[in-house]
Every structure is written in C-alpha cells, then in structure tokens.
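Student: Sequence unavailable; structure follows:
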C-alpha cells in the first residue's frame, strides 16, 4: 500500500509560511497585491478564480479580480495588462485560461511583465528556468508545487528516472526543466509516443498531466514508484477523478497523490507563495 502524499496538509504548511511572510512585509508598509483578469463566463474558471481570491484574503494578500466580457478585444485586454504593468502597487498579474477565440494567448503571456508574471509563463521566465538560472524568477505554479511535494516527502531526485506524461507549457515542459535542474534523468512521453508503457514502467518518479481520466493503470507503474497525478477530471457521476486509476495504482506505487487533495491545493498555495516572492524581489 502506497504512502499518500497529502497535498492538502502540505498546502496548509505552505500557506502558514506565506501568511507569516505577508505579516512581516506589512510591518514595513509593503502590501502584496495580486490581480486576476477573468475573461468571459467559463464556470470552471469562475470557481478557480473565486478559490484563489478567497485564499489570498485569508493570507492577507490584496486580491482583485477584473472581469471582462467574452467579446473583449485583444487590444483592450493588452491595454489593461499594460496598466497593471505600470502600477507600482501591483506585484502579481495573471490572466485566467481558457481565453476566447479572438484572443492570442501567447501574446497575452508575453504582455505581462516578467517581474509580475505570477504564473511563470512569460518566455523570459521560461528561459531562466531552462537555463537553470541562479536569478530570482517565477515558475509555473503546478510544477513548482510538485517540487515542494517531492521535497517534503523526501523523494530522491538526483539520478532518479523521472517520466512525465504530457508536454503542455503549463505542466509537462516546466516540470521536465525543474527535474532536470535537480539532476533527475527526464523523459517526456505524449500522444505520439510509441509504447508509452515501456517508459512509464521504468519510472522511479511518474508525473501524469494529460486530462485523460484513468489513462495510467497499476500495470503501467513500476513497483515502488512515486506517482504524481495532476489530472482533474469529472466522471459520469460528476465526481473529481485523476489521470491515474487510483484503485489499481495505489497497491503498486510507493508514494501517490490522491485526486482531489493532492496537487490541486498545492497549486493555489504556490500561487500565493509566488505572489509574496515577487513582492520581495521587487523591493
């Protein structure tokens, strides 16, 4: 039976540290401020944004959500981002995905100043990550949160065989860079990979981020492996479930994250942590 990696509990620890850091900043007259821009009426996005705002308020971070209509033009959105870029009271800016068809997401990502890019998506910050820079820069929150989980549960990274299923710019690619920087041997597999199981079965650390419910079964996992499930899917009953079939994977794995209660809470905790880091770095 695998050890459960409790993201909820770890997030509480990270949030407590963030709250202390916010209190310390406020004694010096510094008030961390996060701006979230929400375009359109996507229900899942509204829930995510509400959760982020609630957590920010709990931790003493000023959080403002700017809502824009579904038919907003790209020029209007970029103009708003530029205003926040030049607002010295704002420390972090994020635009909630997905965006409507008329908006070029890459252009939006490039528009946010690297020093206010709380999501860590700006190409300049991605370059810092891939070059293993020793400077201060933000990193995509889900992979950064996963690194905190691996550290907290004393998972050895140096020399480990790490396999990432999925190659998105949000999880798969930055995750690969972080693990490579930590001296793991990294393989990224995806929809075009031939015989994916040959790779996953050889992974000491298996990170799955595909958006396909129960893609990975127990038979796809190396006995004793650490399994990190990034998936957030709804089954036929509307219940949250992961990209890993937990029931068959849990008896095989050495350590495993549940869904819900695994990666999700750590992503939001890391977003708050990074907002405070950006505030400190800008002083």
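Tutor: Here it is on my side, so go on. Please read all numbers here as calculations on a predicted model, not as lab measurements.
Student: and the nearest residue to residue 64 once chain neighbours are set aside, what is it in contact with?
Tutor: The spatial neighbour of residue 64 that comes closest, neighbours along the chain excluded (CB to CB, 6 or more residues apart in numbering), is residue 35 at 5.5 Å. Quick note: C-beta positions are derived from backbone N, CA and C, even for glycine. By CB atoms under 8 Å, 6 or more residues apart in numbering, the residues touching residue 35 are 63-66, 84, 90, 92-94.
Student: what about the helices in the chain?
Tutor: Remark: helices assigned in the chain by DSSP state H are 7-27, 43-59, 74-85, 105-111, 123-130, 141-152, 172-181, 196-200, 246-249, 263-281.
Student: The fourth one packs against which elements?
Tutor: Counting contacts by 3 or more CB pairs under 8 Å, 6 or more residues apart in numbering; DSSP states H and E, helix 105-111 packs against helix 74-85.
Student: Could you tell me which of the contacts of residue 35 count as buried?
Tutor: Buried by 16 or more other CB atoms under 10 Å: 63, 65-66, 84, 90, 92-94, out of the contacts of residue 35.
Student: still on that earlier bit, what's the least confident stretch among the helices of the chain?
Tutor: Lowest mean pLDDT of the helices of the chain: helix 43-59, a mean of 93.
Student: Show me this protein divided up by domain.
Tutor: 29-113, 141-264 (automatic domain parsing).
Student: mind listing what the residue nearest the centre of the chain touches?
Tutor: The centroid of the chain falls nearest to residue 142 when counting by CA atoms, centre = their mean (1.7 Å). Taking CB under 8 Å, 6+ apart, we find residue 142 in contact with 170-171, 175, 209, 230, 263, 266-267, 270.
Student: now do residue 147
Tutor: 178, 182.
Student: Quote the end-to-end distance of stretch 88-101.
Tutor: Taking CA to CA, to the nearest Å, the first and last residues of stretch 88-101 lie 31 Å apart.
Student: swap in stretch 25-39?
Tutor: 31 Å.
Student: can you pull the buried residues of it?
Tutor: For stretch 25-39, using 16+ other CB under 10 Å, the buried residues are 25, 30, 32-39.
Student: I'd like the residues you listed laid out as a markdown table, including distance to residue 280.
Tutor: Converted to a markdown table, the buried residues of stretch 25-39 look like this (distance: CB to CB, whole Å):
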| residue | distance to residue 280 |
| --- | --- |
| 25 | 7 |
| 30 | 8 |
| 32 | 9 |
| 33 | 13 |
| 34 | 14 |
| 35 | 18 |
| 36 | 20 |
| 37 | 23 |
| 38 | 26 |
| 39 | 29 |
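Student: burial measure for the residue lying closest to residue 172 once chain neighbours are set aside, as a count.
Tutor: Excluding the flanking residues, the one nearest residue 172 by CB to CB, 6+ apart is residue 166, at 4.2 Å. Using other CB atoms under 10 Å, residue 166 has 23 other residues around it.
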